[in-house]
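Chemist: Below is the sequence, then the predicted model.
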Amino acid sequence: MSPKKSPFFELRSGSVDTLLFVVKTTDLDAMRAELTRRFEATPEFFANDVVAIDVRRLADDERVPLAEIAALLDSVRMRPVGVVANPQQGWAAESALPLLEARDRRGAGAKPAGAEANEGAEDGAAAGPAQGELPMDAPAAAAEAATAEPGAGAQPAAAGEAAKLVTSSQTTVVDKPLRSGQRIYAKGDLVVLGLVSYGAEVIAEGNIHIYAPLRGRALAGVHGNHDARIFCTCLEPELISIAGIYRTTETPLPADVLGKPVQIWLDEEKLMIEPLRLT
């Protein structure tokens with residue numbers, strides 16, 4: 001029998017989206033302290049997500065022990081699967097982790113002056129990933145199905161209670177509330193007509209419109225669409241993200257947008273949140 005027609009397995013070329021853990025320091029103690037601090041409050045945010053260790057920000061003469069970083073990520077329930085490197089490939093290849101190629105639209109190498117992302121909020125409403133934070137280039141590949149499905153440990157919806165999806169070539173519409181553990185992925189824009197509960201997640205390659213409170217996670221422009229926006233009528237999120245730039249509840253939202261109708265967009269590499277004037 002030809003190996004190409006084996007009924008038991010296939011080998012195919014393909015690609016899998018991962019998070020990038022961008023290493024910007026050789027100080028492992030500082031990295032460990034920051035990672036522990038960030039994940040103690042929100043341990044489920046990236047639990048069991050696949051992560052690639054990205055060392056392209058390090059100087060040519062800098063090295064880090066990749067095995068120790070992999071163990072550190074594993075300690076916060078992330079799953080390191082490889083290393084992204086460029087001039088660092090010589091020493092990175094010595095680790096037990098395979099070398100990977102990244103598909104990120106904006107490389108993690110040196111950035112232009114003034115483009116450093118996520119070092120805090122500006123004017124109370126702009127934010128980017130803080131040092132040591134994961135730039136979320138895209139969700140895990142498990143999100144690729146455009147359906148609402150319970151996450152690990154979540155109870156499936158009872159018969160007749162599942163969210164109904166109305167999908168066109170560009171837009172997916174969800175007409176029921178999303179409960180904790182449920183996840184929706186849209187290839188284009190996503191419209192949600194019900195509550196996005198704590199622990200629920202809505203993900204879109206385009207814009208996200210939520211005509212109800214957003215209390216879970218919303219990730220728009222997940223394949224690098226920096227023009228994507230998030231609109232909701234009541235902003236109370238666990239996490240918001242556009243094109244990999246994200247903000248969690250660790251940075252309190254200003255009073256003029258918390259619980260209010262807002263739109264969220266990117267200005268360079270900063271999340272901007274602006275109240276919507278509906279009247």
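Modeler: Looks like it arrived, so ask away. Residues are numbered from 1 along each chain as shown.

Chemist: Residue 189 against residue 208, yeah?
Modeler: Yes: using Cβ atoms under 8 Å, residue 189 is in contact with residue 208, at 7.4 Å. C-beta coordinates here come from the backbone N, C-alpha and C atoms, glycine included.

Chemist: neighbour count winner among these two?
Modeler: residue 208 (28 against 19; other Cβ atoms under 10 Å).

Chemist: Check the more buried one and give its pLDDT.
Modeler: The confidence metric pLDDT takes the value 96 at residue 208.

Chemist: quick one: residue 212 and residue 64, what's the gap?
Modeler: Residue 212 is 44 Å from residue 64, where distance means Cβ to Cβ, to the nearest Å.

Chemist: Tell me which of the two has more neighbours.
Modeler: Using other Cβ under 10 Å, the more surrounded residue of residue 212 and residue 64 is residue 64, with 20 against 16.

Chemist: for the more buried one, what are its contacts?
Modeler: Contact analysis of residue 64 by Cβ atoms under 8 Å, 6 or more residues apart in numbering lists 23, 26, 28, 55, 58.

Chemist: Could you do residue 277 as well?
Modeler: So residue 277 contacts nothing (Cβ under 8 Å, 6+ apart).

Chemist: can you confirm residue 271 is in a strand?
Modeler: Yes: remark: residue 271 belongs to a strand, assigned using DSSP: H, G, I helix; E, B strand; the rest coil.

Chemist: Could you give the number of residues near it?
Modeler: Count around residue 271 with other Cβ under 10 Å applied: 26.

Chemist: Tell me what it is bridged to.
Modeler: residue 127, residue 266 (DSSP bridges).

Chemist: Let's see the pLDDT reported for it.
Modeler: So residue 271 comes in at 90 (pLDDT).

Chemist: My guess is it contacts residue 245. True?
Modeler: Yes: contact criterion Cβ under 8 Å: residue 271 and residue 245 qualify, at 5.7 Å.

Chemist: where along the stretch 151-279 of the chain do the strands fall?
Modeler: In the stretch 151-279 of the chain, the segments counted as strands under DSSP state E, counting those that start in this stretch are 165-167, 171-174, 182-186, 189-192, 201-204, 208-214, 217-220, 230-235, 239-242, 245-248, 262-267, 270-275.
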